[in-house]
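Participant: here is the input, now give the coordinates:
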Amino acid sequence: MDQTPPAPAASLAAREVLATPAEKITGVGRRWAVLLARLGIHTAADLLFHFPRDYEDLSDERLIAELAEERLQRVRGTVVEVGTASSGFGKTRVSILVRDASGDLRATWFNQPFMRKKFRAGQHLLLTAKPKQRGLMWEMMHPQITWLAEEEAQSTGRQLLPIYPLTDGISQYHMRRMVELAVTQYAGVPEEVFCPRLLGQYKLVPLAEAIPSIHLPDDQAALDRARRRFIFQELFVLQLAIAVRRGQQQARNAPQLVATAKIDARIRRLLPFELTASQQEAIAEVSADMAQDRPMNRLLQGDVGSGKTIVALYAMLVAVAHGRQAALMAPTEILARQHADTLGSLLQASRVRYGVLAGSTAKRERETMLAELAAGKLDVVLGTQAMIQDRVRFKNLGLVVIDEQHKFGVRQRAALRQEDHWPHYLVMTATPIPRTVAMTLFGDLDVSTLRQLPSGRQSVNTYLVEADAEQRWWAFVRDRLREGRQAYVVAPLVDESTTLTAPSVAAAYEQLTNGELEAFRMGLLHGRMAAGEKQQVMDDFRAGEIQVLVSTSVIEVGVDVPNASVMTVAGAERFGIAALHQLRGRIARGTHAPFCGVLVGEAGETGRERLAAFVASSDGFELAELDFQIRGPGDLFGTQQHGLPPLRIANLQRDRQLLAEARRAAQALVDADPGLSHPDHAKLRRQMLTRYGKALELGDVG
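Facilitator: You can find the predicted model right below:
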């Protein structure tokens with residue numbers, strides 16, 4: 001059902017105008033509209049809000065005759081000559097002669113022969129560098145180049161030149177021209193969503209000023225004001241949706257499941273070890289939530305091996321003690337069965353009834369489990385997304401635990417529920433979440449953090465293995481295997497790729513079984529295998545029948561084989577730092593000293609820096625922040641996984657301060673007007689529901 005509230009006539013008229021097809025925009029036409037569609041630009045609104053990805057600073061653009069040494073400057077000129085020279089020792093020099101009305105300048109690139117193909121006489125360029133005077137000639141070494149159209153050969157006097165995301169067939173000049181046409185015709189059409197009071201309170205320029213200024217800024221100050229306006233608005237609307245969702249969650253009914261002293265003592269008697277202080281604190285926070293008559297919505301994050309499963313088990317047993325059922329949903333069957341093994345070992349002296357419901361569950365067994373769930377004869381069910389199918393019915397669901405939360409969407413999180421009440425939700429991740437990501441993708445959750453590892457947990461000895469040291473590394477692996485240990489070999493691809501230069505498990509398996517590890521029993525595991533086949537491989541590995549498991553990152557979570565104490569990661573530059581840390585955690589589960597070898601392979605300079613940082617730290621929280629800084633949020637927790645539309649202009653890494661400001665402002669507004677029902681907030685409410693209503697499952701607002 002469309003949750004967007006009806007718009008007044010003026011709003012509808014504006015939306016109709018902004019829905020004008022791109023080909024109908026004066027100056028665009030059918031030919032350019034076909035190319036714009038590749039960028040997702042179909043209407044006047046799309047073109048108007050196709051923001052520049054960067055800007056060329058023209059504030060110090062000079063004629064060649066006006067250049068000065070040791071200052072970053074820009075020159076606009078025409079290529080009059082292109083040449084290549086060789087030193088005879090394999091070294092090359094590409095140079096071009098560029099001319100403007102005042103004189104000539106030579107631009108030079110050393111050992112970059114491919115640059116020769118980029119230039120031809122007659123091209124118009126913008127060159128940026130610190131020039132030096134060589135005799136009577138000015139020279140720029142390795143300048144930054146911007147190619148210009150004929151129409152841009154002469155300076156327009158603008159200080160900033162917008163640089164847009166492009167597709168094949170569209171040049172920067174033509175994109176700038178089409179956007180400028182859209183700005184000229186439509187900049188005054190979009191409605192202002194902020195009332196005058198909020199514009200003043202948040203220090204925002206009006207929309208009618210921000211649109212021209214972000215595309216055609218008069219100066220840096222005007223651009224900064226426009227960017228702040230759009231970034232704040234995007235983050236503010238998202239935070240409004242999250243704040244409204246939190247309010248709706250708190251208004252729902254849930255069973256009060258109190259961890260009484262008797263229940264607490266009974267649960268702790270089942271645990272054969274002392275809880276860490278972090279686990280004690282998390283259990284206290286979870287217990288306080290479950291004792292309320294509104295649903296718990298808590299994220300439990302902790303480093304690899306910090307004991308999140310025990311906290312989840314405590315919560316599930318509290319639910320069972322009150323006659324309620326508990327469900328644990330994991331992203332893979334391997335992880336679901338791993339949890340079942342853990343549960344079974346701890347519940348041997350308990351009467352708790354549990355089962356595993358996954359894709360490979362036999363039909364007869366599945367039917368029996370479904371009947372027992374519906375009748376309340378099964379207390380705990382563990383499984384994959386197979387649990388959220390229509391036929392799965394609980395008699396009295398009290399708690400839902402979701403492991404590796406970032407692998408599920410927001411809507412999947414809410415899929416398990418009762419008709420008459422909402423269960424409590426505990427979601428877990430072993431990938432520590434940077435604070436700015438937590439405020440957005442997980443902003444509707446309270447957060448508990450396990451920072452302390454259980455006693456006896458060992459740090460993994462991690463090494464960068466250069467190409468010339470690989471044979472020594474394999475000799476080390478063989479020594480550990482002869483001692484009785486087991487090993488993982490991890491590669492990023494299943495099969496060899498014609499487009500990616502990255503190792504595959506198929507190639508690694510073939511190479512190792514016929515080479516470095518031919519004397520040992522090998523196994524192969526990857527995501528394309530049937531569930532039963534994967535389970536058999538894991539059972540054989542746990543039993544020691546397989547000594548070396550060659551796998552993709554499918555073993556990243558949930559695989560617990562204490563005797564496996566050695567890991568080799570090939571193609572490590574293809575993994576994020578957080579993923580590498582997760583993989584490394586697989587070999588810190590037992591009493592034997594763990595060792596991880598990272599094969600450097602084809603890693604470039606940036607990749608080597610990342611891998612060196614990974615080797616140097618064993619702190620998952622520190623590594624998660626570093627991964628976030630290097631790779632941004634998309635690779636860590638893609639918004640598409642959560643059903644959230646991608647951000648158009650905001651950047652969670654760059655705009656941390658503005659995100660915090662938008663979050664405070666949104667919460668204050670929702671506190672003052674929970675349904676955003678005040679007439680001043682109607683347009684914000686409509687934009688929030690249009691953009692995030694379905695993704696965040698917002699009910700009726702107001």
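
Participant: direction included, what does the helix or strand that contains Val381 pair against?
Facilitator: Here Val381, judged by DSSP states H and E, is contained in strand 380-383. The pairing partners recorded for strand 380-383 under DSSP bridges are strand 325-329 (parallel), strand 354-357 (parallel).

Participant: let me see the mean pLDDT of the shortest one.
Facilitator: The reference is to strand 354-357. Averaged across strand 354-357, the pLDDT comes to 90.

Participant: surely Arg71 meets Asp60?
Facilitator: Yes. Counting by C-beta atoms under 8 Å, Arg71 does reach Asp60; the two are 7.2 Å apart. No exception for glycine: its C-beta is placed from N, CA and C like everyone else's.

Participant: rewinding a little: in a markdown table, list the strands paired with strand 380-383 along with mean neighbour count and distance to Pro674.
Facilitator: As requested, the strands paired with strand 380-383 are arranged in a markdown table below (neighbours: other C-beta atoms under 10 Å; distance: least, C-beta to C-beta, whole Å):
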| stretch | mean neighbour count | distance to Pro674 |
| --- | --- | --- |
| strand 325-329 | 27 | 31 |
| strand 354-357 | 21 | 38 |
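
Participant: dump those strands into TSV; add distance to Ala508 as well.
Facilitator: Formatted as TSV, these follow (distance: least, C-beta to C-beta, whole Å):
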stretch	distance to Ala508
strand 325-329	32
strand 354-357	31
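
Participant: Val79: which of these is closest?
Facilitator: Smallest distance to Val79 across the strands paired with strand 380-383 (C-beta to C-beta): 61.1 Å, for strand 325-329.

Participant: got the phi and psi for Gln486?
Facilitator: Phi and psi for Gln486, reported as degrees, to the nearest 10, are phi -120, psi 160.

Participant: tell me the pLDDT of it.
Facilitator: Gln486 is given a pLDDT of 94.

Participant: low pLDDT regions in the stretch 551-700 of the chain?
Facilitator: Applying pLDDT under 70 to the stretch 551-700 of the chain picks out residues 556-559, 631-644, 699-700.

Participant: ditto for the chain
Facilitator: Residues of the chain meeting the criterion pLDDT under 70: 1-11, 87-90, 390, 405-420, 456, 496-502, 556-559, 631-644, 699-702.

Participant: tell me which stretches of the stretch 151-300 of the chain form helices.
Facilitator: For the stretch 151-300 of the chain, the helices defined by DSSP state H, counting those that start in this stretch cover 172-186, 196-201, 207-215, 220-250, 261-269, 277-290.

Participant: for Ala129, find the nearest of these.
Facilitator: Closest to Ala129 of these is helix 172-186 (C-beta to C-beta; 19.6 Å).

Participant: using PDB, list the CA coordinates for the closest one.
Facilitator: Output of helix 172-186 as PDB, limited to C-alpha atoms (Å, rounded to 0.1, in the frame of the first residue of the first chain):
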ATOM      1  CA  GLN A 172      31.800  16.600 -19.500                       C
ATOM      2  CA  TYR A 173      31.100  19.500 -21.700                       C
ATOM      3  CA  HIS A 174      27.800  18.000 -23.000                       C
ATOM      4  CA  MET A 175      26.800  16.900 -19.500                       C
ATOM      5  CA  ARG A 176      27.500  20.400 -18.100                       C
ATOM      6  CA  ARG A 177      25.500  21.900 -21.000                       C
ATOM      7  CA  MET A 178      22.400  19.700 -20.400                       C
ATOM      8  CA  VAL A 179      22.400  20.200 -16.700                       C
ATOM      9  CA  GLU A 180      22.700  24.000 -17.200                       C
ATOM     10  CA  LEU A 181      19.700  23.800 -19.500                       C
ATOM     11  CA  ALA A 182      17.700  21.900 -16.800                       C
ATOM     12  CA  VAL A 183      18.800  24.400 -14.200                       C
ATOM     13  CA  THR A 184      17.700  27.400 -16.400                       C
ATOM     14  CA  GLN A 185      14.300  25.800 -17.100                       C
ATOM     15  CA  TYR A 186      13.400  24.000 -13.900                       C
END
